[in-house]
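Chemist: Sharing a model that was predicted from the sequence below.
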Amino acid sequence: MRCAISSRAGQVLARGRLYVQSDESGALRLNFVSDRGTFIPGGIVAPDGDMSVATQELFEQLFAEWRMTDLTLTAMAKM
């Protein structure tokens, strides 16, 4: 899924894609990779498909990358 990550002020920090990938143990992990190649791993998707924990971990990693809170992830339609 294409997406953009924006600051509280509306500045786009990165554009890229959000995707789920199987890791070495077979667990599904939510990840973000920017168009410039920055890879940010998120958390593990729950066995029932719940992505709450995976999303929380991803936003913690985004904070570690940009040192900003109140980031917004916006999905974009492919055109």
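Modeler: Great, that's in hand.
Chemist: In PDB, could you pull the C-alpha coordinates for the top strand by length along the chain?
Modeler: Counting by DSSP state E, the longest strand found in the chain is strand 12-22. Taking Å, rounded to 0.1, in the frame of the first residue of the first chain, the C-alpha atoms of strand 12-22 are listed here in PDB:
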ATOM      1  CA  VAL A  12       5.700  15.100   4.300                       C
ATOM      2  CA  LEU A  13       8.700  13.300   5.900                       C
ATOM      3  CA  ALA A  14       8.600  10.300   3.600                       C
ATOM      4  CA  ARG A  15       6.600   8.600   0.900                       C
ATOM      5  CA  GLY A  16       6.800   4.900   0.400                       C
ATOM      6  CA  ARG A  17       4.900   1.700   1.000                       C
ATOM      7  CA  LEU A  18       3.500  -0.200   3.900                       C
ATOM      8  CA  TYR A  19       3.500  -4.000   3.600                       C
ATOM      9  CA  VAL A  20       3.300  -7.200   5.600                       C
ATOM     10  CA  GLN A  21       6.200  -9.600   5.200                       C
ATOM     11  CA  SER A  22       6.900 -13.100   6.700                       C
END
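Chemist: Can you name every helix or strand that that strand contacts?
Modeler: Packed against strand 12-22 by the contact rule (3 or more Cβ pairs under 8 Å, 6 or more residues apart in numbering; DSSP states H and E) you find strand 2-6, strand 28-34. C-betas here are computed from N, CA, C, even on glycine.
Chemist: which outside residues touch that strand?
Modeler: 1-7, 28-36, 38, 45, 66, 68, 71, 73, 75 (Cβ atoms under 8 Å, 6 or more residues apart in numbering).
Chemist: Quick one: buried ones out of those residues?
Modeler: 3-6, 28-34, 45, 71, 73 (16 or more other Cβ atoms under 10 Å).
Chemist: Now flag whichever of the residues you listed is closest to Ala54.
Modeler: Leu30 (3.9 Å; Cβ to Cβ).
Chemist: Contact partners for the residue most central in space within the chain?
Modeler: For the chain, the residue nearest the mean C-alpha position is Phe32 (4.1 Å; Cα atoms, centre = their mean). By Cβ under 8 Å, 6+ apart, the contact list for Phe32 reads 3, 5, 14, 16-18, 39-40, 42, 58, 62.
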